[in-house]
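**Student:** Need a 3D model of the sequence below.
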Amino acid sequence: MIKKTAAFLVVTISVLAFAFSCGAIGSQLLLSKGSNGNRDFIAYWTAGQLAVHHQNPYDAEATFETEVAHGRPVSGGALVMRNLPTGLLLALPLGFMSVGLSAFLWTAVQVLCIVVSVRMIWSLHGRPPGHRNLLGYSFGPAVVCLMLGQTSLFVLLGLVLFLRFHQSRPLWAGASLWLCALKPHLLLPFAVALLVWIIARKKYPILIGLVSSLAVSAIVAGAVSKNVWTNYHHMMTTSGIDQEFFPCLSSLLRVLANHYWAQYLPAAAGCIWTLYYIRKHIDAWDWLYHGSLLILVSLFVAPYEWFTDTAIALPALLAAVYICRSRTLLATLAFASAAIEIQMLYGFSFHSRMYLWLAPAWLAWYLLATKGAPLLLHQQVQSETAALAPAP
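**Tutor:** Model (predicted):
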């Protein structure tokens, strides 16, 4: 009876949370004319507009004027795109469209990112039966990303594409990591493991794919916006990001220690631990299995992140969801996911310390859900990976 109740709660909470969030997104896009000015999406649209007119996409003053003219409150200040200039390639198409059309297409593409990512993760794990995929579609950080138009969903897609194609199409797998480079600080230990693995296994096509995609996007950015790298550096050094509070362990450590360098200590420790971890498992390394823990550790030690960035935990969490024997744990994940959406809809600040628990919670939940079943997960992943590998 308890198991049936927990299963019912998982499905009900997931469906209601996703339906309610879709309603909120729809009302933003269709009913509220100035709503796009309150979404993070406006920063990417403005950067695209400035770039296609050969202006500085990182200019706070020009950004502010453009955003206010399209619905952003004056009190909100300028919302400048902070992604590297290589990520400007993502914003450029928006420069040729109106803010309304851009918002619609941006949201549609991000919905596709969630759907494709969850379906691909499900396929990678042998297409297990049941309704557990609902936990992926209704995952709180991912849904809030959708509401705000945040780029973390593109990072999620890039990560999943790498996991899917790293064996069968290594060049394309490397190119897909370009999406992860939109927010490279979220995956530092993962990146360390990737580089060691590429060298150890001589998987150089992956590195070629990544470097080539970054080079192309850097050339395009430089062509449409003069001195784009200098402008980016100036924006980052004058924006006050080093004093900004992010709801994550590293930012809290900086505040407590009152030293900026303290913010990078967890990431440094995570990278050192990664070297030990991959050295221990290099002979049997599997990105679906070992990479899951690395994703969660990377988020836990990230030098800075918003709670929406934990959307990229989905590949790891769903890997555990598919083998989790405890319906109570599944219900707990559903409740935690729904709580994030409720907090956001009630207007909690992005800087709120209420979100400090997210990255540690996802890591702790994963360890609990896979406790006693890591061998099963590893065996399942190995069998599915073998099925996806190209024929000799």
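
**Student:** going forward, measure contacts between C-alpha atoms and count neighbours the same way
**Tutor:** Will do.

**Student:** From residue 184, how far off is residue 288?
**Tutor:** 20 Å (C-alpha to C-alpha, to the nearest Å).

**Student:** Neighbour count for the two, which is higher?
**Tutor:** More crowded of residue 288 and residue 184, by other C-alpha atoms under 10 Å: residue 288, with 24 against 17.

**Student:** wait, isn't the more buried one in contact with residue 162?
**Tutor:** No: here residue 288 lies out of contact with residue 162, judged by C-alpha atoms under 8 Å, at a distance of 10.1 Å.

**Student:** any low-confidence regions in this protein?
**Tutor:** Residue ranges of the chain with pLDDT under 70: 1-38, 344-352, 372-392.

**Student:** Which stretches in the stretch 101-250 of the chain count as helices?
**Tutor:** Per DSSP state H, counting those that start in this stretch, the stretch 101-250 of the chain carries helices over the ranges 134-137, 140-148, 152-165, 170-180, 188-201, 204-224, 228-238, 249-257.

**Student:** Of those helices, give the one that comes closest to residue 272.
**Tutor:** With C-alpha to C-alpha as the criterion, residue 272 lies closest to helix 188-201 of the helices of the stretch 101-250 of the chain, at 8.2 Å.

**Student:** Residues contacting stretch 249-264, please?
**Tutor:** 242, 245-246, 265-266, 300-304, 356 (C-alpha atoms under 8 Å, 6 or more residues apart in numbering).

**Student:** and it, how far apart are its ends?
**Tutor:** Start-to-end span of stretch 249-264 (C-alpha to C-alpha) is 10 Å.

**Student:** Now find how far off-centre that stretch is within its chain.
**Tutor:** Computed by C-alpha atoms, centre = their mean, to the nearest Å, the chain-centroid distance of stretch 249-264 equals 22 Å.

**Student:** List the buried residues of that stretch.
**Tutor:** By neighbour count on 16 or more other C-alpha atoms under 10 Å, the buried set for stretch 249-264 is 249-254, 262-264.

**Student:** which one among these gets closest to residue 142?
**Tutor:** Out of the buried residues of stretch 249-264, the member with the shortest distance to residue 142 (by C-alpha to C-alpha) is residue 249, at 20.3 Å.

**Student:** how close does the closest one get to residue 361?
**Tutor:** Counting by C-alpha to C-alpha - residue 249 and residue 361 are separated by 12 Å.

**Student:** what do you get for residue 135?
**Tutor:** In terms of C-alpha to C-alpha, residue 135 sits 16 Å off from residue 361.

**Student:** So for these two, which residue has more residues nearby?
**Tutor:** Using other C-alpha under 10 Å as the criterion, residue 135 and residue 361 rank with residue 135 on top: 26 against 15.

**Student:** ok, back up a step: which one among the contacts of stretch 249-264 gets closest to residue 326?
**Tutor:** Checking the contacts of stretch 249-264 against residue 326 by C-alpha to C-alpha gives residue 300 as the nearest, at 24.0 Å.

**Student:** so the closest one touches residue 361, yeah?
**Tutor:** No: in this structure, residue 300 is not within contact of residue 361 by C-alpha under 8 Å, at 9.2 Å.

**Student:** what's the burial count for residue 281?
**Tutor:** That count, for residue 281 with other C-alpha under 10 Å as the rule, works out to 11.

**Student:** what do you get for residue 237?
**Tutor:** Neighbours of residue 237 (other C-alpha under 10 Å): 10.

**Student:** same thing with residue 118?
**Tutor:** Residues within reach of residue 118, counting by other C-alpha under 10 Å, total 23.

**Student:** got a list of what it touches?
**Tutor:** Counting by C-alpha under 8 Å, 6+ apart, residue 118 touches 133, 136-137, 314-315.

**Student:** From what I see, residue 121 and residue 317 are in contact.
**Tutor:** No: using C-alpha under 8 Å, residue 121 is not in contact with residue 317; the gap is 10.3 Å.

**Student:** quick one, strands of this structure?
**Tutor:** For the chain, applying DSSP state E gives no strands.

**Student:** From residue 128, how far out is residue 309?
**Tutor:** Distance of residue 309 to residue 128, computed by C-alpha to C-alpha: 27 Å.

**Student:** Ok, residue 104 next?
**Tutor:** Per C-alpha to C-alpha, residue 104 is found 33 Å from residue 128.

**Student:** Residue 309 and residue 128: which has the busier surroundings?
**Tutor:** A direct count of neighbours by other C-alpha under 10 Å for residue 309 and residue 128 places residue 309 higher, at 23 against 13.
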